[in-house]
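1. Make a model of this:
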Amino acid sequence: MISGAVDDRSARGIAAAVSRLVTSGRLPAGSRLPTVRDVARELGVSPTTVSEAWQSLGRAGAIRTRGRSGTFVAGPVLSRGDWRYTQLAGPAVPVARDLSTGVPDHDLLPDLTEALRRIGDGRLTSSYLDEPVLPGLEAVLRERWPFPPERLTVVDGALDALDRILGAVVRFGDHVLVENPTFAPILDLLQTVGATVVGVPIDDQGLEPAALAAALDGYPPAALVLQPRAHNPAGVSMSPGRAAELAGVLAGHPDVLVIEDDHAGDIASAPPVSIGRHRPEGTVHVASFSKSHGPDLRLAAVGGPAAVVGAVADRRLLGPGWSSRLLQGVLLDLLTDPAAVARVAAARDAYASRRTALLKELAGHGAEATAADGINLWLTVDDQQIAMVSLAAQGIAVAPGAPFCVTPLRSDHVRVTVGLVAGGFDDLAGALASAAHLDSRGSGARERAHPRGWR
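-> Numbers count the residues shown, from 1 in each chain. Next up, the predicted model:
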């Protein structure tokens, strides 16, 4: 097919011809391309010429190479309507209580007024080639890091970090292990880069070691993406013992990069934990400050092996260059100002109190839920859609559980942003519990075959 489409046998002409085949759909996403030598033989050109064409197509994102497995046509960029993330959007009609958002309580965030005043006129950048991280902020971040990182940089939030890391280390068709369930946008990002996603069950301490071992024994994965604390949506945090156990499982797989999304940061009740304490050379840790210090700061730190973090920082030079040093200065002030530190600690305690209060009331109503850490509660329901419709009728919006799942769990779930619930726990628990349980006289109890999985 390729040889018949090529008129110009230069590297540019070959690349243009293949690009037209991809755009027209004659070479659909996932199609394996012939080898460089086979194409060169058919066209009567040197392998070097075809290799240059393949490199141009790769830089443009049209094709992706999977090492010895070959070169494949990359998948198209997903439209916004295809993202799992859009399924978590707010309710279609106004409700009195929108608990679907997964955002922190604005009233519990530290006030930025004094920090902005202390920063002054913001003359923190003297050159476009300044280091991407303010020296003072880097020093504080290194003190806080759960393991000594070879290199550290700052980007525009946790999802920006994950996007850039995955873009640097995952190729089309690579297998990537994730928690099941996991944060829905992680699955969107992996689909965008053409990864093959493998879900690994979790329990109340994080990834199940035996399940991880089984997944690693399959097709060798390129990466493992996990949330060490305040898991979104399940609310579990990885224990130090579990981190050591998982590191032991990974010991025989040095090529697997562990990517940790510590999105909750300082509002997590669990202490910082990382597999990087046991395998720093193979772990990239992302620390976000959105939920603890302000979503609009748009800041997250990335620390780990220099080869990975350096690739992220270097690639940014051709785009945004750096994250605002003015905002970095604000973050540095918040991390070192006693009043701001106390404010974040108070927020952490408030979120813990809210989780405990709602869980207690739910248990009293016979509902099953988990919310050990963070700002979200994972509620088991008989039917996701019926639960959401029932709650919406009462003026309450929650997020559906399905977008968080790689494969179905044993039960349906909805995610409730308990961090936004400051009172009325009994009434809310009653509404949630009522929506969670199907009325056998009305809709009827249904029996469904779910694969084994956590909750």
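2. For the stretch 1-150 of the chain, which segments count as strands?
-> Remark: strands assigned in the stretch 1-150 of the chain by DSSP state E, counting those that start in this stretch are 63-65, 71-73, 97-98.
3. for the last one, the distance to its chain's centre please.
-> What separates the centre of strand 97-98 from the centre of its chain is 24 Å, taken as Cα atoms, centre = their mean, to the nearest Å.
4. From here on, call the first residue 534.
-> Sounds good: first residue 534 from here, last item strand 630-631.
5. tell me the average confidence for it?
-> Averaging pLDDT along strand 630-631 yields 95.
6. what's the answer for stretch 953-966, then?
-> Across stretch 953-966, pLDDT averages out at 97.
7. which of the residues in stretch 620-632 are buried?
-> Using 16 or more other Cβ atoms under 10 Å as the test for burial, stretch 620-632 gives 621, 628, 630, 631, 632. From N, CA and C alone the C-beta is placed, and that goes for glycine too.
8. With stretch 857-874 instead?
-> 857-868, 873.
9. Specify which member of those is nearest to residue 662.
-> residue 858 (13.0 Å; Cβ to Cβ).
10. Can you get me a residue count around the nearest residue to that closest one once chain neighbours are set aside?
-> Spatial nearest neighbour of residue 858, chain neighbours left out: residue 657 (3.9 Å); criterion: Cβ to Cβ, 6 or more residues apart in numbering. Applying other Cβ atoms under 10 Å, we find 16 residues neighbouring residue 657.
11. residue contacts, residue 657?
-> Residues near residue 657 by Cβ atoms under 8 Å, 6 or more residues apart in numbering: 667, 858, 859, 861, 862.
12. could I get those as TSV with secondary structure, pLDDT and distance to residue 845?
-> Listed next are the contacts of residue 657 as TSV, based on DSSP: H, G, I helix; E, B strand; the rest coil; pLDDT from 0 to 100; distance: Cβ to Cβ, whole Å:
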residue	secondary structure	pLDDT	distance to residue 845
667	coil	95	17
858	helix	92	17
859	helix	92	21
861	helix	95	16
862	helix	94	22
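13. So which of those residues is the closest to residue 715?
-> Using Cβ to Cβ, residue 861 comes nearest to residue 715 of these, at 28.8 Å.
14. Check the contact between that closest one and residue 686; I expect there is one.
-> No - the criterion here is Cβ atoms under 8 Å, and residue 861 misses it with residue 686 at 11.0 Å.
15. For these two, list the residues in contact with both.
-> Between them, residue 861 and residue 686 share these contacting residues under Cβ under 8 Å, 6+ apart: residue 666.
16. any low-confidence regions in the chain?
-> Scanning the chain for pLDDT under 70 picks out 609-612, 625, 654-655, 705, 972-988.
17. which helix in it runs the most residues?
-> Criterion DSSP state H: the longest helix present in the chain is helix 871-897.
18. Can you spell out which helices and strands pack onto the helix or strand just after it?
-> Next along the chain after helix 871-897, taking DSSP states H and E as the criterion, comes strand 902-903. When contacts are defined as 3 or more Cβ pairs under 8 Å, 6 or more residues apart in numbering; DSSP states H and E, strand 902-903 packs onto helix 871-897, strand 910-914.
19. partners of strand 902-903 in the sheet?
-> According to DSSP bridges, the neighbouring strands of strand 902-903, each with its direction, are strand 910-914 (antiparallel).
20. what's the strand it pairs with in contact with?
-> With contact meaning Cβ under 8 Å, 6+ apart, strand 910-914 is reached by 714, 766-768, 888, 891-892, 895, 900-904, 920, 931, 934, 944-951, 965, 968-970, 988.
21. now that strand: how far from the chain's centre is it?
-> Offset of strand 910-914 from its chain centre (Cα atoms, centre = their mean): 20 Å.
22. swap in stretch 834-854?
-> Mean C-alpha position of stretch 834-854 versus that of the full chain (Cα atoms, centre = their mean) differs by 17 Å.
23. and what of stretch 676-696?
-> 13 Å.
24. what do you get for stretch 535-544?
-> Distance, stretch centre to chain centre, for stretch 535-544: 41 Å (Cα atoms, centre = their mean).
25. Could you give the number of residues near residue 945?
-> The tally of other residues near residue 945 (other Cβ under 10 Å) stands at 22.
26. Who are the contact partners of it?
-> 913, 914, 915, 916, 917, 920, 934, 935 are the contacts of residue 945 under Cβ under 8 Å, 6+ apart.
27. Among those, which one sits closest to residue 794?
-> Taking Cβ to Cβ as the measure, residue 794 lies nearest residue 934 of these, at 18.9 Å.
28. Would you mind giving the buried residues of stretch 620-632 as a markdown table with distance to residue 647 added?
-> Listed next are the buried residues of stretch 620-632 as a markdown table, based on distance: Cβ to Cβ, whole Å:
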| residue | distance to residue 647 |
| --- | --- |
| 621 | 34 |
| 628 | 35 |
| 630 | 32 |
| 631 | 30 |
| 632 | 31 |
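29. quick one: which of the residues you listed is nearest to residue 677?
-> residue 621 (29.6 Å).
30. just checking, that closest one touches residue 933?
-> Yes - using Cβ under 8 Å, residue 621 is in contact with residue 933, at 7.4 Å.
31. Quick check: residue 722 vs residue 710, distance?
-> Using Cβ to Cβ, to the nearest Å, one obtains 14 Å as the distance from residue 722 to residue 710.
32. How many residues are close by residue 915?
-> Residues lying near residue 915 (other Cβ under 10 Å) number 18.
33. wait, isn't it in contact with residue 970?
-> Yes - judged on Cβ under 8 Å, residue 915 makes contact with residue 970 at a distance of 5.8 Å.
34. element containing the closest residue to residue 770 other than its chain neighbours?
-> Residue nearest to residue 770 in three dimensions, not counting chain neighbours: residue 803, with 3.6 Å by Cβ to Cβ, 6+ apart. Assigned by DSSP H and E, residue 803 belongs to neither a helix nor a strand.
35. For burial, what's the neighbour tally of residue 803?
-> Using other Cβ under 10 Å, the number of residues around residue 803 comes to 17.
36. Distance check, it against residue 785.
-> Where residue 785 is concerned, residue 803 sits at a distance of 28 Å (Cβ to Cβ).
37. cool, residue 600 as well?
-> Look at residue 600 and residue 785: by Cβ to Cβ, they are 20 Å apart.
38. With residue 753 instead?
-> Separation of residue 753 from residue 785 (Cβ to Cβ): 11 Å.
39. One more: residue 876?
-> Using Cβ to Cβ, we find residue 876 at a distance of 45 Å from residue 785.
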